[in-house]
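> have a look at this prediction, sequence included:
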Amino acid sequence: MDSSNIFDTSGDNQGTFIKTSEKIALNSTQKAVLNRKGNILYNSGDIEGAKRIFLTTGYSDGLVRIGNYYKTKGRLLDALRMYWIAPDHTKVDSIVVQLSEIIKELIYEGDRT
């Protein structure tokens, strides 16, 4: 896709996505239904589908579980993001410590070469 016409609405814009900050208004019943669906997706292994739902509903327990999953997969920045949004400050602090140790090692290796 040519980047000069990425916002042109006259053609086929399939595959383009513009992020908005508009919040979806959900009542408690809608959130509960979506959270149940997110839990089903998570338990069946569709982590990304569950993440989309949990981000939409702001379900902190679900976001922490997604963060835990990412952490076990070594995706520390993704885990940090989920913990931050949840918010779970204890887990955020833990990841920050881990990442700072990695950065220290990288700096130390750079100094040795």
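Ah, there it is. Numbers count the residues shown, from 1 in each chain.

> ok, Thr29 - how many residues close by?
Thr29 sits with 8 neighbouring residues when counted by other Cβ atoms under 10 Å. All C-beta atoms are positioned from the backbone trio N, CA, C, and that covers glycine.

> and Ile66, what's its pLDDT?
For Ile66, the pLDDT comes out at 98.

> so which helix or strand takes in it?
helix 60-72 (DSSP states H and E).

> buried residues, that helix. List them.
By 16 or more other Cβ atoms under 10 Å, the buried positions in helix 60-72 come out as 62-67, 69-71.

> kindly indicate which of those residues lies nearest Arg36.
Distance to Arg36 across those (Cβ to Cβ) is lowest for Gly62, with 10.5 Å.

> ok, back up a step: chain center to the helix holding Ile66, what's the gap?
Its chain's C-alpha centre and that of helix 60-72 lie 9 Å apart, by Cα atoms, centre = their mean, to the nearest Å.

> need the helices for this structure, in chain order.
28-43, 47-57, 60-72, 76-85, 89-112 (DSSP state H).
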